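Visitor: test case, fold it:
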Amino acid sequence: MVLVLNQQRLVWLPLRSIKRQIETLLECSGYAGWDVGVHFIDNQRIQHLNRQYRMKDLATDILSFPFHETTSPESFRAQAVTEDDRNLGDMFLAMPYIMHHCRANGESLTDHLPVLLTHGLCHLMGYDHEHEADYLRMSSREKDILNKLRSRSSVLPF
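Guide: The predicted model follows:
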């Protein structure tokens, strides 16, 4: 199940459309039917989470908290035998930060949000970008998922 929570008031969000888009991203990544939580929050809340869990006292666009501990990307998938095991984790997206990025780069939220959600999903799957090789592997997985999303003519932006 996809749980989408809007815990900010700066930006109106079409939550049903976003939920459908996340479900489609899960299908495109091979995780159809897996649970994921997506929380839209403000800059203060994400800064608090970033400080608490990453020791970085600043706002950021997205933080992901995987349900499974893993030593290599997607290695937990084979052990997911019960429905309780089919949980990827939670993502937190800071809408003020994201909107500032969109404005500064002449990008629409409709175009940028699927990229951020895919990035967050990859983190939930165990991908990281701390080292160059990890970055290349994660970037490749993100491109694969986004290409599959784009190839689905029935998926319209929200």
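Visitor: mind pulling up the phi and psi values for Leu88?
Guide: Torsion angles at Leu88 (phi, psi; degrees, to the nearest 10) stand at phi -80, psi -30.
Visitor: so how far is Val11 from it?
Guide: Going from Leu88 to Val11 by Cβ to Cβ, to the nearest Å gives 24 Å. For the C-beta atoms, the positions are set from N, CA and C on the backbone; glycine is no exception.
Visitor: please apply the same query to Asn147.
Guide: As judged by Cβ to Cβ, Asn147 and Val11 stand 27 Å apart.
Visitor: cool, and Pro96?
Guide: Taking Cβ to Cβ, one finds Pro96 at 8 Å from Val11.
Visitor: quick one, which of these two is more surrounded?
Guide: Remark: of Pro96 and Val11, Pro96 carries more neighbours, 17 against 12, as counted by other Cβ atoms under 10 Å.
Visitor: what residues are up against that one?
Guide: Each residue near Pro96 by Cβ atoms under 8 Å, 6 or more residues apart in numbering is listed here: 8, 10-11, 42-43, 59.
Visitor: can you point out the buried residues in whichever strand or helix holds it?
Guide: Following DSSP states H and E, one finds Pro96 within helix 95-104. By 16 or more other Cβ atoms under 10 Å, the buried positions in helix 95-104 come out as 95-98, 102.
Visitor: ok, these vs Leu136, which is closest?
Guide: Distance to Leu136, by Cβ to Cβ, is smallest for Ile98 among the buried residues of helix 95-104, at 24.8 Å.
Visitor: quick check, pLDDT for the closest one.
Guide: Confidence at Ile98, expressed as pLDDT, is 98.
Visitor: one more: the one 5 residues further on?
Guide: In the predicted model, Arg103 carries a pLDDT score of 97.
Visitor: name the SS class of Val4, please.
Guide: With DSSP: H, G, I helix; E, B strand; the rest coil as the basis, Val4 sits in strand.
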